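Student: Curious how this folds, go ahead:
(one chain, ligands or ions: 2)
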Amino acid sequence: MNSAEIKEAARSLGADLVGIAPVERFEGMPEISDPRTFVPETRSVIAVGYRILRGSLRGVEEGTNFSSIYGFFGATYMEKMYMSRMVYDLCCMIENSGAVAAPVLSCRCADQSFVPDYKEYAHAAGLGSTGKGGFFLTPEYGHRQRLAFIFTSLELEGDEVIECDFCKDCDACIKACPLGAYKADNSLDLNLCRQCQNGAKVIPNEEVDRCASVCARACMVALEDKIGNRFHAKFRKRSVWQRGIHGESLTSGTPFIGGKCPDKIEGK
Ligand code: SF4
Ligand code: SF4
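Tutor: Ligands and ions are numbered 1, 2, ... in the order given. Predicted coordinates for the structure are as follows:
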């Protein structure tokens, strides 16, 4: 299979994003994340992405649903059902041609000897680049995608590496963080993120999933007229709710009841 055939197959199986990085682009990468540590025959890394539905973030934005809608459609189902099925089928097609194809999901494959660096792989494959807020950003969906990879022995033509310049005059994500987790150099205090009750999701033994948190939703709002995936109506309908480190409301001063945000209950 060649690059064009791989991309056509990935798109027909449901991928919203697909890009390719020849393995030479990982020269100098720490050994623990180098694709060849996991699959020595790797000649190319295929990066695929599924959009995270904007609608799956609605419940968190409104302060009415914190886990089941985003948790399933934005995270769990996305990785365990939709994307893994697509990656599996694409690997089967590659293996049918006699080549090596090893699947890697972005958030689920770390162990002691191999820790995938999914932002570096996706960047090398031309999908986008990492923004100031630490999110991997693409021109099509901003921060709203989940990624997976196939390490293959196929020698494939690589895509052009791109840098998204969305962050130039923007610091919306940093300003939106109620816990001050961004340090002066824009790195994160992940201990604070792990305790964050503003939509962040802690995955055991993994990085915190910040995709639905108030920092990432600020990024989504900042980019909605800049990315390719646009909508008839703006995402943000009301004031932004925020919780402090102990779960207290920072916006209304009243405690949360039954997991619902009091600002939204009061219709502010
Ligand atoms: S996850 Fe929470 S604590 Fe971490 S940067 Fe985002 S808003 Fe701040
Ligand atoms: S909110 Fe702005 S500065 Fe932060 S990652 Fe998004 S585009 Fe970059």
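Student: who touches the residue nearest to Ala200 when sequence neighbours are not counted in this structure?
Tutor: Nearest non-adjacent residue to Ala200, counting by CB to CB, 6 or more residues apart in numbering: Ser213, 4.2 Å away. C-beta: built from backbone N, CA, C; applies to glycine. Ser213 is in contact with 60, 193, 196, 198-200, counting by CB atoms under 8 Å, 6 or more residues apart in numbering.
Student: mind listing the helices for the stretch 101-250 of the chain?
Tutor: Along the stretch 101-250 of the chain, counting by DSSP state H, counting those that start in this stretch, helices occupy 118-124, 172-176, 190-195, 214-223.
Student: Could you provide those in CSV, with additional columns for distance to ligand 2?
Tutor: Formatted as CSV, the helices of the stretch 101-250 of the chain follow (distance: least, CB to the nearest ligand atom, whole Å):
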stretch, distance to ligand 2
helix 118-124, 12
helix 172-176, 3
helix 190-195, 15
helix 214-223, 3
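Student: so which of the contacts of Ser213 also contact ligand 1?
Tutor: Contacts with ligand 1 within the contacts of Ser213, as defined by CB under 6 Å from any ligand atom: 193, 196, 198, 200.
Student: Would you check that the first one makes contact with Asp209?
Tutor: Same thing as Cys193. No. Counting by CB atoms under 8 Å, Cys193 does not reach Asp209; the two are 9.5 Å apart.
Student: Give the residues shared as contacts by those two.
Tutor: Residues touching both Cys193 and Asp209 (CB under 8 Å, 6+ apart) are Ala200.
Student: where does the stretch 1-150 of the chain come near ligand 2, residue by residue?
Tutor: Neighbours of ligand 2 within the stretch 1-150 of the chain, by CB under 6 Å from any ligand atom: 131-133, 135.
Student: which of these sit farthest apart?
Tutor: Lys132 and Phe135 (8.8 Å; CB to CB).
Student: returning to that earlier point: can I get the contacts of Ser213 in CSV including pLDDT?
Tutor: What follows is the contacts of Ser213, written out as CSV (pLDDT from 0 to 100):
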residue, pLDDT
Val60, 91
Cys193, 95
Cys196, 93
Asn198, 92
Gly199, 90
Ala200, 91
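Student: Using the three-state scheme, assign Phe73.
Tutor: Three-state assignment for Phe73 (DSSP: H, G, I helix; E, B strand; the rest coil): helix.
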